[in-house]
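Chemist: Sequence first, then the predicted structure, then my questions.
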Amino acid sequence: MKYYKDHYDVIVIGGALAGLSSALMLADKGLDVLVLERHNLPGGIATSFVRGGIEIEAALHEMMSIGPKENRLKVGKFLDDMGVDIDWLQVPEAYHASLPGVEVTLHPGLERFSREVDAQVPGTYEKVLKLLQLCNTVFNSVNELSIHPMSKPQMLLKHEAFVKTAGYSTKEVIDTFDLPQKAVDLLAPYWIYVGSGFSELPFTIFSVLMADYIGYGSMIPRKLSHEMSLKMAERAEAMGVQIEYRQQVDKILVKNGKAYGVRTARGDVIRSDYVISSAYPNAVYSHMIEPAREVPEKATKMVNARRLSLTAFSVIMILDRPAQELNIHDYSIFRGDTMDTDVLYENLAGLGPYRYLTCICHNYGNPDVTPEGTCSFSITVLPRVDGWKSVSADDYDRVKHEVAKQLIDDMSAYFGVNLLDHVLEIVIETPMTVAHYTKAWNGCIYGYAHTMQDHIIARLQTGNEERLIQGLEFAGAHAISGDGMGPQVTNGRKAAKNILDDIAAKEAAKK
Ligand SMILES: Cc1cc2nc3c(=O)[nH]c(=O)nc-3n(C[C@H](O)[C@H](O)[C@H](O)COP(=O)(O)OP(=O)(O)OC[C@H]3O[C@@H](n4cnc5c(N)ncnc54)[C@H](O)[C@@H]3O)c2cc1C
């Protein structure tokens with residue numbers, strides 16, 4: 001029996017959120033799409049696993065860009081439009097901040113959040129609200145400009161705040177508000193979701209982060225992140241996409257600067273007009289292009305010039321008591337012994353002790369997520385890839401257990417409960433787990449770091465110049481919109497749009 005057709009319009013490498021979003025959008029426009037996924041399930045990092053009969057979330061803390069049913073944000077709207085029906089649950093709070101001298105739970109809603117900060121740092125309400133409103137204005141501009149690009153003079157007229165702040169770091173803009181440090185600290189916890197200290201983090205990225213998460217709150221799927229992957233894959237197949245699991249793509253076939261198909265580890269050569277890669281450009285340009293002489297010199301320079309962002313280390317536990325009985329009272333806790341994000345960023349270069357961590361108790365957003373009388377609790381740090389790259393095979397087990405112990409001890413002391421006395425199941429995910437499971441380059445889950453030299457605005461401007469092999473697009477955390485499960489949907493759509501625009505341009509040229 002023949003496994004593959006002779007030819008596809010598009011082959012997508014990787015059946016995770018980015019790849020599946022591309023497939024959905026292309027199938028919706030009538031293209032013939034093949035998705036090749038090396039794992040036996042869709043989703044990549046957006047997955048779950050079962051221990052002791054309990055399904056456990058592998059990664060997701062919270063999704064951005066979903067929005068309530070009556071006012072969907074871009075990711076929620078796309079999934080709705082594609083007929084991917086997810087049972088979304090609203091996360092009840094923004095976060096609990098456990099920082100030097102402050103313990104407070106803050107909630108979404110720009111005004112509510114500002115009032116709650118004001119209750120901790122009296123007299124800051126107006127300034128904090130003004131800052132968040134500025135974030136919101138920039139966020140609206142980013143959303144509009146990503147769909148309707150415009151000339152600089154037009155932009156200046158319609159998107160003044162965006163243009164005026166675009167060249168500045170988060171620190172530079174926040175400094176102009178002259179807020180007490182404690183208030184700045186309370187605005188900072190989400191920095192880890194974009195992974196750059198405030199001196200290096202473009203204000204535009206901070207704005208999108210804050211306006212989306214604080215303005216609208218975050219969501220989670222009732223059946224864990226795997227609900228997204230499974231339903232997207234199911235819907236894509238219903239729309240005619242062929243998805244083949246356990247099929248690793250080893251090579252992207254290129255002739256005269258144009259991609260024309262792939263070769264799988266099993267040896268199948270499959271032809272297509274376009275290829276979308278969820279594999280990192282580092283992997284593609286270092287060993288996946290066949291023949292290797294087709295790798296453009298600029299491609300090697302480009303991947304070498306970019307800095308990989310963060311990876312993840314996570315201790316995921318199922319505990320034998322309801323959360324309240326273990327003094328766990330929040331969905332999300334960000335805890336640090338400083339909130340100087342530049343200092344914390346440096347701390348993430350090593351192997352611990354880590355000074356900033358994030359914890360999730362899913363039961364507060366999804367009460368039935370574990371059996372009655374138990375709860376799920378995870379502790380995560382997001383280190384830079386640098387330190388973990390240096391861990392030898394001989395040292396791996398020791399380092400993994402030392403880091404896990406540090407995190408568990410820290411949170412046990414915080415709750416006044418020895419969490420290890422209550423463990424029903426425990427799983428330790430390391431950067432190596434991520435690399436092994438998804439093939440993410442060096443286990444990097446965030447793609448390339450957002451810096452003042454290299455961020456979404458610059459990437460949008462240079463995006464076309466970086467399409468170095470005709471017919472080859474990238475979709476994943478390494479693409480323009482960067483890291484996170486929500487942004488993967490946007491990255492996947494962008495890769496699909498590039499292909500649709502290319503096809504439209506060719507059709508127009510024929511006329
Ligand atoms: C512990 C943890 C917590 C996180 N929490 C959050 C959160 O709360 N909110 C959030 O938004 N994001 C979170 N993230 C980040 C988020 O999961 C990632 O940014 C995102 O899922 C990356 O998606 P992706 O589509 O780029 O890639 P991946 O999920 O890495 O998927 C890549 C896919 O491509 C496949 N593949 C790769 N190479 C090949 C090949 N050669 N052939 C065939 N298939 C291939 C892989 O098997 C995989 O399925 C978290 C991540 C971790 C690890």
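Modeler: Looks like it arrived, so ask away.
Chemist: buried set for the lowest-mean-pLDDT helix or strand in the chain?
Modeler: Least confident helix or strand of the chain, by mean pLDDT, DSSP states H and E, is helix 456-462 with a mean of 76. Neighbour-count burial for helix 456-462 flags 456, 457, 458, 459, 460 (criterion: 16 or more other Cβ atoms under 10 Å). Every C-beta, even on glycine, is put in place using the N, C-alpha and C of the backbone.
Chemist: which other residues reach that helix?
Modeler: Under the criterion Cβ atoms under 8 Å, 6 or more residues apart in numbering, residues 142, 146, 149, 166, 202, 204, 205, 450, 466, 480, 481, 482 lie in contact with helix 456-462.
Chemist: Excluding sequence neighbours, find me the nearest residue to residue 468.
Modeler: In space, and not counting its chain neighbours, residue 468 is closest to residue 296: 4.4 Å by Cβ to Cβ, 6 or more residues apart in numbering.
Chemist: Tell me the helix or strand right after the helix or strand encompassing residue 27.
Modeler: Under the criterion of DSSP states H and E, residue 27 resides in helix 17-28. Proceeding N to C from helix 17-28, the next assigned helix or strand is strand 33-36, under DSSP H and E.
Chemist: so what strands line up beside that following strand?
Modeler: strand 7-13 (parallel), strand 242-244 (parallel) (DSSP bridges).
Chemist: After it, which helix or strand is next? Please name it.
Modeler: Next along from strand 33-36, by DSSP H and E: strand 48-51.
Chemist: Show me what the very next helix or strand once past that next one pairs with in its sheet, parallel or antiparallel.
Modeler: Proceeding N to C from strand 48-51, the next assigned helix or strand is strand 54-57, under DSSP H and E. Using DSSP bridges, the strands paired with strand 54-57 in its sheet are strand 48-51 (antiparallel).
Chemist: And the strand it pairs with, what's buried?
Modeler: Neighbour-count burial for strand 48-51 flags residue 48 (criterion: 16+ other Cβ under 10 Å).
Chemist: does any bit of that strand sit next to the ligand?
Modeler: No: for strand 48-51, no contact with the ligand is found by Cβ under 6 Å from any ligand atom; the gap never falls below 11.9 Å.
Chemist: Touching that strand from outside, list them.
Modeler: Residues outside strand 48-51 that contact it (Cβ under 8 Å, 6+ apart): 55, 56, 57, 58, 224, 225, 226, 318, 425, 427.
Chemist: and if you look at stretch 163-179?
Modeler: Stretch 163-179 is contacted from outside by 121, 124, 127-128, 130-131, 134, 138, 152, 155-156, 184, 187, 191, 198-207, 452, 457, using Cβ under 8 Å, 6+ apart.
Chemist: so the longest helix belonging to the chain versus helix 17-28, what angle?
Modeler: In the chain, with assignment by DSSP state H, the single longest helix is helix 485-510. Helix 485-510 and helix 17-28 are oriented at 40 degrees to each other (axes from the mean of the first three to the mean of the last three Cα atoms, to 10 degrees).
Chemist: So which elements touch helix 485-510?
Modeler: helix 17-28, helix 74-81, strand 269-277, strand 472-474 (3 or more Cβ pairs under 8 Å, 6 or more residues apart in numbering; DSSP states H and E).
Chemist: Quick one: list the elements packing against the first one.
Modeler: Using 3+ Cβ pairs under 8 Å, 6+ apart, the elements in contact with helix 17-28 are strand 7-13, strand 33-36, helix 225-238, helix 485-510.
Chemist: Give me the distance between that helix and the centre of its chain.
Modeler: Put simply, helix 17-28 sits 17 Å off its chain's centre (Cα atoms, centre = their mean, to the nearest Å).
Chemist: quick one on the thing from earlier: buried deepest among the helices and strands packed on helix 485-510, which one?
Modeler: For the helices and strands packed on helix 485-510, average neighbour numbers computed from mean count of other Cβ atoms under 10 Å are highest in helix 17-28, which has a mean of 29.
Chemist: and whichever residue of the stretch 101-250 of the chain sits closest to the ligand, what is it in contact with?
Modeler: Per Cβ to the nearest ligand atom, residue 249 is where the stretch 101-250 of the chain lies closest to the ligand, at 3.9 Å. Residue 249 is in contact with 11, 13, 36, 38, 262, 263, 264, 265, 279, 288, counting by Cβ under 8 Å, 6+ apart.
Chemist: Surely the second one and residue 276 touch.
Modeler: Yes: shown here, residue 13 and residue 276 form a contact pair, counting by Cβ atoms under 8 Å, at 6.8 Å.
Chemist: Need the residues touching each of the two.
Modeler: The contact sets of residue 13 and residue 276 overlap at residue 19 (Cβ under 8 Å, 6+ apart).
Chemist: The residue nearest to residue 468: neighbour count?
Modeler: Counted with other Cβ atoms under 10 Å, the neighbours of residue 296 add up to 14.
Chemist: residues touching it, list them.
Modeler: For residue 296, the contact set (Cβ under 8 Å, 6+ apart) comprises 257, 468, 469.
Chemist: how close does the last one sit to residue 16?
Modeler: Going from residue 469 to residue 16 by Cβ to Cβ, to the nearest Å gives 22 Å.
Chemist: cool, residue 467 as well?
Modeler: 21 Å.
Chemist: For the ligand, find the nearest of the helices and strands packed on helix 17-28.
Modeler: Across these, closest to the ligand is helix 485-510 (Cβ to the nearest ligand atom), at 3.6 Å.
Chemist: Residue nearest the middle of this structure, spatially speaking?
Modeler: residue 484 (1.0 Å; Cα atoms, centre = their mean).
Chemist: so that residue touches residue 193, yeah?
Modeler: Yes: under the criterion of Cβ under 8 Å, residue 484 makes contact with residue 193 at 6.7 Å.
Chemist: Can I get the helices and strands packed on helix 17-28 in a markdown table including distance to residue 303?
Modeler: Below are the helices and strands packed on helix 17-28 laid out as a markdown table (distance: least, Cβ to Cβ, whole Å):
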| stretch | distance to residue 303 |
| --- | --- |
| strand 7-13 | 17 |
| strand 33-36 | 22 |
| helix 225-238 | 27 |
| helix 485-510 | 17 |
